[in-house]
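K.L.:
sequence and computational prediction follow.
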Amino acid sequence: MAYDLEEQEQLDVLKAWWKKNGNTVLLALAVFAAVIAGMQGWRYYQASQSQQAALAYEAVQNGVQAKDIKRIRDVAGQLIEKYPGTPYATRAALLAASANYESGDAKSAKAQLLWVTEHAKEDGARDIARLRFAGILLDEKNYAEALKQLDAKHDKSFDGLFADLKGDVLAAQGKAADARAAYKLALEKMDEKSAYRQVVQMKLDSLGAQG
């Protein structure tokens, strides 16, 4: 194909530019393609990890329904080890902690709850773990550590429950006035429609009038 003089000059300029910058352009395109492929690969990896974690969590739930303590422990342990960054690991640890405590293994239950408080990405899960941990410490009469857990920072939606359990610990210590204040705070923070308010009110009433 024949080109006129102007077109030929433009082609010569383009050839010269490509000769000078072609390798840089190709390298940039290669890097861009690698980044896109990497992002897609990472998304696939994350999706795969999430799917496998979900299946493992389902197995833990099945173990709970079947009351199969060994299955719960084994699968939850694998889930925590292999997929610690997923929400499923946190939830599995909470289920395993409950199962372990009910079976008499308070040591394992506390270890799993502590793991949740240190690794959970969901504030709600971390707060639930603190409450359960404090409850076990209360049963063990380890009041100082229980209060330490209850004084930790938590979401405002849990204020009522934290105050209520703090009242339990203080009452167990014989600190009636402090327990009474904690129960009153719990009532203030709880939803007025919550049925649990009646339980807190009963605890408050059981302490008698402040004297």
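P.N.:
Right, received. Where do you want to start? All values derive from a computational prediction rather than experimental measurement.
K.L.:
what about residue 104, neighbour count?
P.N.:
9 (other CB atoms under 10 Å). Every C-beta, even on glycine, is put in place using the N, C-alpha and C of the backbone.
K.L.:
low-confidence ranges, the protein, go.
P.N.:
Where the chain drops to pLDDT under 70, the residues are 1-49, 209-211.
K.L.:
spell out, range by range, the helices that occur in this structure.
P.N.:
Using DSSP state H, the helices of the chain run over 5-66, 69-82, 87-102, 106-119, 123-139, 143-150, 159-172, 176-189, 197-206.
K.L.:
can I get those in CSV including mean neighbour count?
P.N.:
Shown next, in CSV, are the helices of the chain (neighbours: other CB atoms under 10 Å):
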stretch, mean neighbour count
helix 5-66, 12
helix 69-82, 18
helix 87-102, 22
helix 106-119, 18
helix 123-139, 20
helix 143-150, 19
helix 159-172, 21
helix 176-189, 18
helix 197-206, 14
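K.L.:
quick one: residue 203 and residue 171 touch, right?
P.N.:
Yes: using CB atoms under 8 Å, residue 203 is in contact with residue 171, at 7.3 Å.
K.L.:
show me what contacts the spatially closest residue to residue 125 that is not a sequence neighbour?
P.N.:
Leaving aside its sequence neighbours, residue 125 sits nearest to residue 90 (CB to CB, 6 or more residues apart in numbering; 4.7 Å). Residues near residue 90 by CB atoms under 8 Å, 6 or more residues apart in numbering: 116, 119, 120, 121, 122, 125.
K.L.:
same question, residue 164
P.N.:
182, 183, 186, 190, 196, 200, 203.
K.L.:
quick one: which two of those residues are the most distant?
P.N.:
182 and 196 (14.7 Å; CB to CB).
K.L.:
residue nearest the centroid of this structure?
P.N.:
residue 120 (2.9 Å; CA atoms, centre = their mean).
K.L.:
ramachandran angles for that residue?
P.N.:
phi -60, psi 140 (degrees, to the nearest 10).
K.L.:
again with residue 153
P.N.:
Residue torsions, per degrees, to the nearest 10, at residue 153 are phi -60, psi 140.
K.L.:
equivalent analysis for residue 152, please.
P.N.:
phi -70, psi 150.
K.L.:
state the distance from it to residue 162.
P.N.:
Counting by CB to CB, to the nearest Å, the separation of residue 152 from residue 162 is 9 Å.
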